[in-house]
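Undergrad: generate coordinates for the sequence data below:
(2 chains)
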Amino acid sequence: MDLSFLPQKFLDALSNVDLSSLYEIRIRLNEVVQVNLKGQALPLIKNGEYVYCDKLDIDYIISKLTEGSIYAFNEQIKKGFLAGKDGVRVGLAGTCVTDNDSVITIKDVSSLNVRLPHQIFGSASDIYNKLFLGGIYNTLIISPPFMGKTTLLKDLIRQLNESFNNILIIDERGEFASIKGKNIDKISYSSKQFAFDVGIRTMSPNIVIMDELCTKIDWESANFAVNNGVKLIATTHALDEFQLMNKRYFIKGVFERYVILDDVKKGVIKRYLDGDLNVF
Amino acid sequence: MYFRLILGVILIVSSIMISKELSKKYCNKRIFFNDFYSFNQLLINEVSFSNNTLPSIIEKIELKTDFYKIINEMFVIGSSNIFLPLYLSEKEKEFSIFYLKNVGKGDSISQKNYFLESRNQILEYLEESKLNEKKYTPLYLKIGVLLGILIFIIII
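TA: The predicted model follows:
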């Protein structure tokens, strides 16, 4: 995994860390850098001392990720992230510069969240066997943040790639950069609305896969796709079906199956629901 | 007789070469600001349309002249120290450092405004360097020839 965008002192401290169990690196201005190892937050230590982050470290990381060209990555910055290589995603928090209520950019970045992608082969086998052996259901995977939705989705894509044609991935934040396959097409770094609109018209997908259905436009786009005969597999943030139903933009009828993930154990499936949100 | 003639030719040629060498700074400065202006124009287009990163823009440029060598050092190799040529005045150095340190440091709208704003100043330096080259290069050459002849006469 390419973490060369991190300052040398971070890399030195990380040299003793098992990268396969590293989920996140939390970098906050003038605070100790934290690493998330298998769900446990720990301080980053080098030679027995805590590793702190200063302004230069944050500037260095941003400069490396943007190749010294912030203007070229502004669309990503506006959405609050920068994409690294190999599907690494860096979330940004700082001061938003707005114009007529829309964010132009984020400046004075004070926190970074480096999220490292993981591949757990076979993690989606249960979903695949239960929902996709006989065909495709429009399916929504539901869990709170950081509970393994994207990892599960990646494995599901790999399995679908073996049996289904023309799978279109809408990869808004470059998280699926490492996913490739004979039946896979990808639209990266665009808005979901654009990807749905253009992707469905030009790529004629049989299955559309997207991560994190959140906004009104996302739900409307999903509805548009399903009404155009495309099968859709997506994820969203919610604790369970009750929280999902209370979401402002939730449209009932878009999905035929719901998969609820456990909110404590990462990547564990709690229950399956049908289109009427009944357990089956 | 032949010795004196050869010595005279050597003296005149040497002084012309020295004067050419001394006037080179005017030519180099003109080339520096010419490249500076072209680079700034290129960046205006990039932030308006293509949005390519600095390393990918620079790798398409032939890195033969002083200015392009400096931007390659800064934006491709990643050196944090900027060594500007001695032929630039303190004011020109200050402006160049400020400009280069702010390249790539903002969103496309603010960068475009910054490049457009800088364009006039770069153009001013370019025009000034062109005038100086036109004025001083022939002057240095004339002084070189005259000095060579003078030394030759004195020696004889």
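
Undergrad: CA atoms for contacts and neighbours, from now on please.
TA: OK.

Undergrad: quick one: list the elements packing against the particular helix or strand that has B:Y114 in it.
TA: Taking DSSP states H and E as the definition, one finds B:Y114 inside helix B:108-155. Counting contacts by 3 or more Cα pairs under 8 Å, 6 or more residues apart in numbering or on different chains; DSSP states H and E, helix B:108-155 packs against helix B:2-45.

Undergrad: contacting residues for A:F5?
TA: A:60-61, A:64-65 (Cα atoms under 8 Å, 6 or more residues apart in numbering or on different chains).

Undergrad: my bad, should have said A:R257
TA: Counting by Cα under 8 Å, 6+ apart, A:R257 has contacts A:137-140, A:272-275, A:277.

Undergrad: at 6 Å instead, please
TA: A:139, A:273-275 (Cα atoms under 6 Å, 6 or more residues apart in numbering or on different chains).

Undergrad: again with A:K46
TA: Contacts of A:K46 (Cα under 6 Å, 6+ apart): A:A13.

Undergrad: tell me what it is bridged to.
TA: Following DSSP bridges, A:K46 is listed with bridge partners A:E49.

Undergrad: ok, the closest residue to A:Y189 other than its chain neighbours - how many residues close by?
TA: Computed as Cα to Cα, 6 or more residues apart in numbering or on different chains, the closest residue to A:Y189 that is not its neighbour in sequence is A:E172, at 4.3 Å. As a burial measure, A:E172 scores 20 neighbours (other Cα atoms under 10 Å in any protein chain shown).

Undergrad: I'd assumed A:S188 was in contact with A:E172.
TA: Yes - using Cα atoms under 6 Å, A:E172 is in contact with A:S188, at 5.5 Å.

Undergrad: can you give me the pLDDT of A:G148?
TA: Predicted confidence (pLDDT) for A:G148: 85.

Undergrad: from A:D211, how far out is it?
TA: Going from A:G148 to A:D211 by Cα to Cα, to the nearest Å gives 12 Å.

Undergrad: could you do A:K130 as well?
TA: Taking Cα to Cα, one finds A:K130 at 20 Å from A:D211.

Undergrad: ok, now A:S163?
TA: A:S163 is 21 Å from A:D211, by Cα to Cα.

Undergrad: that's a strand at B:L86, yeah?
TA: No - under DSSP: H, G, I helix; E, B strand; the rest coil, B:L86 falls outside any strand and is assigned coil.

Undergrad: for A:I207, grab phi and psi.
TA: phi -130, psi 130 (degrees, to the nearest 10).

Undergrad: who's in contact with it?
TA: When contacts are taken as Cα under 6 Å, 6+ apart, A:I207 is in contact with A:167, A:230-232.

Undergrad: what pLDDT does it get?
TA: So, for A:I207, pLDDT stands at 94.

Undergrad: then B:D107?
TA: 87.

Undergrad: one more: A:K78?
TA: 88.

Undergrad: the helices in the stretch 51-200 of chain A, which residues?
TA: A:55-65, A:74-78, A:125-131, A:149-163, A:192-203 (DSSP state H, counting those that start in this stretch).

Undergrad: taking the stretch 151-280 of chain A, what residue is nearest to chain B?
TA: Residue nearest to chain B within the stretch 151-280 of chain A (Cα to the nearest Cα): A:Y189, separated by 14.0 Å.

Undergrad: burial count for that residue?
TA: A:Y189: 17 surrounding residues under other Cα under 10 Å.

Undergrad: which positions in the stretch 51-200 of chain A make contact with chain B?
TA: Contacts of the stretch 51-200 of chain A with chain B, taken as Cα under 6 Å from any Cα of the partner chain, map to A:68-72, A:74.

Undergrad: return a ChimeraX selection command for the buried portion of those.
TA: Filtering these down to the buried ones (16 or more other Cα atoms under 10 Å in any protein chain shown) takes a single ChimeraX command:
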select /A:68,69,70,71,72,74
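
Undergrad: closest to B:L7 out of the residues of the stretch 51-200 of chain A next to chain B?
TA: Of all those, B:L7 sits closest to A:G68, with 56.9 Å by Cα to Cα.
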